[in-house]
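J.: coords below, sequence missing:
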């Protein structure tokens, strides 16, 4: 986990795209994932679910204040401690504080995008607290000292051979690239971590206002252990995750697993209501819920509010042809892909990710699969209008100003286009068009435009 | 009923044969076609690049220009276009989507254009849509010996919902063999200025598309958008391929004109 | 440490001031396009098909004795099996006959705050459930001990046929939302991952095998 590198998008993607093997692996994996997603919606009405989910998210965000208060009251009633953190620093400091109070030396952690966002793990490790990622993909990434390249499949960029070599070097297992073998060995090592750790950290997929429950969704069983086999459980999530009702889960649970991995329901859904009750013999004694803002409240009331509806399923990454070509690391952010190209500039400032909203062909596949109806590609388009590339004095701005001037005067348009045809083969024009001509041939220009043909043939074309 | 032919700027300049074929096919099917000569560009390149103000001015110009046969300064006080009977038809899903989906939003805060942009959106159709939805695909038939695949442009597919129409049209051509492209809903990588801003990504996507096209064994890749074809053909030529790329209007015209011109 | 509660809530209020409040009228219809309704047989058929498509196992049995026999068949003779209290209470004859052939230990033997390593020592766990959902092949468990069922490689869930719900619509209702327990786990098939080249591997941190036994009483 490192700092935001999205500013270097152009450099990063060129490096990633040159890796043929990576592109092939990614393409295979994402096409498979998208296919499974599509198949899994055969038994339910996707449009019905999406429209309901969108409505519920709109309601949740428009009542965010009340719902957070309601959630907080109920969470307190359930015995949890709720902590609001405006910034990553504040959230990290609080979690360190909790760990120190309990003299924690080892933490088991399950997947959480917000903890990546606030860079919690390197922070805790800096203070000497061993913090182990227990999701298999995250564990691999942590051992490799890398960042996840996908929201739900963090190690999607790694081949089994690379993983086998990595686990051999780092945890000393036999070098064998069978996924079942590798998974078994990781299970063995991590099982010992679960049995010796005193604190667990998880994210949350949903917070239920009406009963204070925290919903954690996963497939491996590591989140279930990170939240159960510990004395202290810390939940770290964004303030936008709260929804009004328990019954709303009938919509979201059917969408999330299908959109993420093509499962009708993920293997585990943990509904956590707080620390162990009097009659319960295990489970955490303390549950802390850390609600992180970090730029989210700023989006409320803006045209980009709907970006807060995202449930982090990763479907838009799998279907995106740009993501398939360059992979997650190129985006330089913990949030890659189409949704990342929105979230990154919105959370961390457009000046830190100026290219991302432009890194899309606007094909709209992302919008088509989004389970909560975010108009992702239209959002990208409106972001472009807010953060026009370059300054008013830049070359592109100059080009579009003159382009407009020409298009407003048909006479000038006719003259200039005729000139352009004459000079099209000159080297200066080719140089201007190098983004095109460096990669593709230019079409052979006809001797006459349509309007000239039309005119010369007396309006008969 | 008249058809006001909307000819996007790059079609006018680079693919005049696409515009001419569109015109002749529509005429062949019994409609009067006029070409409003004042039209230039719909403004999409500027709009998609973030230059909203420039795009707005171009949109204002284009609204007036497209609705007026004889040149007149914008905004026109009276339009030649009959909103009850006439249609605006363009051989580009992408540029039609600009007028139909984005003009009403772009011009919403200008009282001179608010209503007319909405009215115009309702009467603007992509070329194949006009054939299937207004004229009726049964009215068309042609004959051509060739094997083709059809490429869906993203804007036609997702912004306009054009999917089956072009295929129904191609089936009306005797002798034409149609092989579906695998992954036909995946973008070819053109994306307007995206193609020159991120050329490596754009061509990587193009290469994937071309690979699936080559795998079909078809001779010609047909599409409703010349922009996708320009990108794919340019890349195919650069990589040494001699496959052919044609707009659906061109292939329709060939099929009634009798010969497949080079 | 004081938190940023007031600051954040004030920022939200400020940002949302003047925007429309949106209240969603929920559409109560089910999004399912096909669902076996009515009798137990068809719902159990759906449950079994779903669970087995994921690599689990579901059987409808006639008695505790059958269940005991089934569990014995699916565990090695040297197996050590953890029995949850509710099973010990409600299915006494199952437990009695199982303990004749297998080494069993009971939840009752564990004190509050027991050493978690003791819960990791079992080859299998037998638990009851709060509900089952046919739509997805899901079992919902709510126990006084979270770990044995989470750590054992094999999990047997004993269900009364009346606990089978047709769909998630019936589960996500107030009667389950207002549970007293600190936890409610929905388990759908074996623990799994596809983190290595998208290849599915069953049995990661949770049970590799899940067997659901319906007992008709």
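T.: Received the coordinates, thanks. Note that this is a predicted model, so its numbers are computed, not measured.

J.: list the contacts of residue C:141.
T.: C:127-130, C:149, C:157, C:184-185, C:187 (Cβ atoms under 8 Å, 6 or more residues apart in numbering or on different chains). Every C-beta, even on glycine, is put in place using the N, C-alpha and C of the backbone.

J.: let's have those in a markdown table, adding secondary structure, distance to residue C:20 and pLDDT.
T.: A markdown table is the format used below for the contacts of residue C:141 (DSSP: H, G, I helix; E, B strand; the rest coil; distance: Cβ to Cβ, whole Å; pLDDT from 0 to 100):
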| residue | secondary structure | distance to residue C:20 | pLDDT |
| --- | --- | --- | --- |
| C:127 | strand | 48 | 97 |
| C:128 | coil | 47 | 96 |
| C:129 | coil | 43 | 95 |
| C:130 | coil | 40 | 95 |
| C:149 | helix | 46 | 97 |
| C:157 | strand | 47 | 98 |
| C:184 | strand | 35 | 95 |
| C:185 | strand | 38 | 97 |
| C:187 | strand | 41 | 98 |
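
J.: from those residues, pick the one nearest chain A.
T.: Taking Cβ to the nearest Cβ as the measure, chain A sits nearest to residue C:184 out of the contacts of residue C:141, at 4.2 Å.

J.: measure how buried that closest one is and give me the count.
T.: Residues near residue C:184, counting by other Cβ atoms under 10 Å in any protein chain shown, number 22.

J.: quick check: which element contains the residue lying closest to residue B:57 once chain neighbours are set aside?
T.: Nearest-residue entry for residue B:57: residue A:404, 5.6 Å, with adjacent residues in sequence omitted and distances by Cβ to Cβ, 6 or more residues apart in numbering or on different chains. Using DSSP states H and E, residue A:404 sits within helix A:395-407.

J.: any part of the helix or strand following that helix near chain B?
T.: Proceeding N to C from helix A:395-407, the next assigned helix or strand is helix A:410-423, under DSSP H and E. Yes. Helix A:410-423 is in contact with chain B by Cβ under 8 Å from any Cβ of the partner chain, via A:410, A:413, A:417, A:420-421.

J.: just to revisit the earlier point, near chain B, list only the ones from the contacts of residue C:141.
T.: Counting by Cβ under 8 Å from any Cβ, no member of the contacts of residue C:141 reaches chain B.

J.: and the residues you listed, which is closest to chain B?
T.: residue C:187 (35.3 Å).

J.: quick check, the residue in chain C closest to chain A?
T.: Counting by Cβ to the nearest Cβ, chain C gets nearest to chain A through residue C:206 (2.6 Å).

J.: count of neighbours near that residue?
T.: 29.

J.: residue C:17: how many residues sit nearby?
T.: Using other Cβ under 10 Å: residue C:17 sits among 9 other residues.

J.: the one 4 residues further on now?
T.: Counted with other Cβ under 10 Å, the burial measure for residue C:21 works out to 10 neighbours.

J.: wait, a helix at it?
T.: No. Under DSSP: H, G, I helix; E, B strand; the rest coil, residue C:21 falls outside any helix and is assigned coil.

J.: check contacts around it.
T.: A:62-63.

J.: still on that earlier bit, show the model's pLDDT score for the residue nearest to residue B:57.
T.: If you check residue A:404, the pLDDT there is 86.

J.: so it touches residue B:59, yeah?
T.: No. Using Cβ atoms under 8 Å, residue A:404 makes no contact with residue B:59, being 10.4 Å away.

J.: looking at those two, which is more packed in?
T.: Remark: of residue A:404 and residue B:59, residue B:59 carries more neighbours, 26 against 22, as counted by other Cβ under 10 Å.

J.: which phi and psi does the closest residue to that one other than its chain neighbours have?
T.: Nearest residue to residue B:59 in three dimensions, chain neighbours excluded: residue B:43, at 4.9 Å (Cβ to Cβ, 6+ apart). In this entry, residue B:43 is assigned phi and psi values of phi 100, psi 0 (degrees, to the nearest 10).

J.: before we move on, the earlier item: emit the PyMOL select command for whichever of the residues of helix A:410-423 next to chain B are buried.
T.: Here is the PyMOL command that selects only those of the residues of helix A:410-423 next to chain B that count as buried (16 or more other Cβ atoms under 10 Å in any protein chain shown):
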select buried, chain A and resi 410+413+417+421
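
J.: helices and strands of chain C: which one has the lowest mean pLDDT?
T.: Sorting the helices and strands of chain C by mean pLDDT, DSSP states H and E puts helix C:174-177 at the bottom, at a mean of 90.

J.: what about that one and chain A, any contact?
T.: Yes. Using Cβ under 8 Å from any Cβ, helix C:174-177 reaches chain A at C:174, C:176-177.

J.: nearest to chain B, out of those: which one, please.
T.: The closest of these to chain B turns out to be residue C:177 (Cβ to the nearest Cβ; 38.0 Å).

J.: what number of residues are in the vicinity of the closest one?
T.: Neighbours of residue C:177 (other Cβ under 10 Å): 19.

J.: which residues touch it?
T.: For residue C:177, the contact set (Cβ under 8 Å, 6+ apart) comprises A:208, A:210-211, A:213, A:245-247.

J.: chain C next: which of those residues are close?
T.: A:208, A:210-211, A:213, A:245-247.

J.: for the stretch 251-400 of chain A, which segments count as strands?
T.: A:268-272, A:286-292 (DSSP state E, counting those that start in this stretch).

J.: which of those strands sits closest to chain B?
T.: Among those, if distance is taken as Cβ to the nearest Cβ, the winner is strand A:286-292, at 30.2 Å.

J.: how about whichever residue of chain C sits closest to chain B: what's its closest non-neighbour residue?
T.: Here chain C gets closest to chain B at one residue, residue C:198, 17.4 Å apart by Cβ to the nearest Cβ. Once flanking residues are discounted, residue C:198 sits nearest to residue A:29: 4.7 Å by Cβ to Cβ, 6+ apart.

J.: right, and residue B:235 touches residue B:210 too?
T.: Yes. Between residue B:235 and residue B:210 there is a contact under Cβ under 8 Å: 6.5 Å.

J.: and these two? Which one has more around it.
T.: Neighbours per residue (other Cβ under 10 Å) separate residue B:235 from residue B:210, with residue B:235 holding more: 24 against 21.

J.: circling back: list the helices and strands the helix holding residue A:404 packs on?
T.: helix A:410-423, helix B:44-48, helix B:52-66 (3 or more Cβ pairs under 8 Å, 6 or more residues apart in numbering or on different chains; DSSP states H and E).

J.: turn those into a markdown table, including mean pLDDT.
T.: As requested, those are exported to a markdown table (pLDDT from 0 to 100):
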| stretch | mean pLDDT |
| --- | --- |
| helix A:410-423 | 82 |
| helix B:44-48 | 94 |
| helix B:52-66 | 94 |
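
J.: so which bits of stretch A:33-41 are buried?
T.: A:33-34, A:36-37, A:40-41.

J.: check the chain for its longest helix and report it.
T.: Unless you meant another one, I'm taking chain A. When chain A is parsed with DSSP state H, its longest helix is helix A:20-40.

J.: oops, chain C please
T.: Max-length helix for chain C by DSSP H is helix C:40-53.

J.: quick one: average pLDDT of that one?
T.: pLDDT averaged over helix C:40-53 gives 95.

J.: closest to the centroid, which residue in the chain?
T.: Using chain A here. Among the residues of chain A, residue A:335 comes closest to the average C-alpha position under Cα atoms, centre = their mean, at 3.6 Å.

J.: try chain B instead
T.: Centroid-nearest residue in chain B: residue B:92, 1.1 Å away (criterion: Cα atoms, centre = their mean).

J.: not counting sequence-adjacent ones, nearest residue to it?
T.: residue B:8 (4.8 Å).
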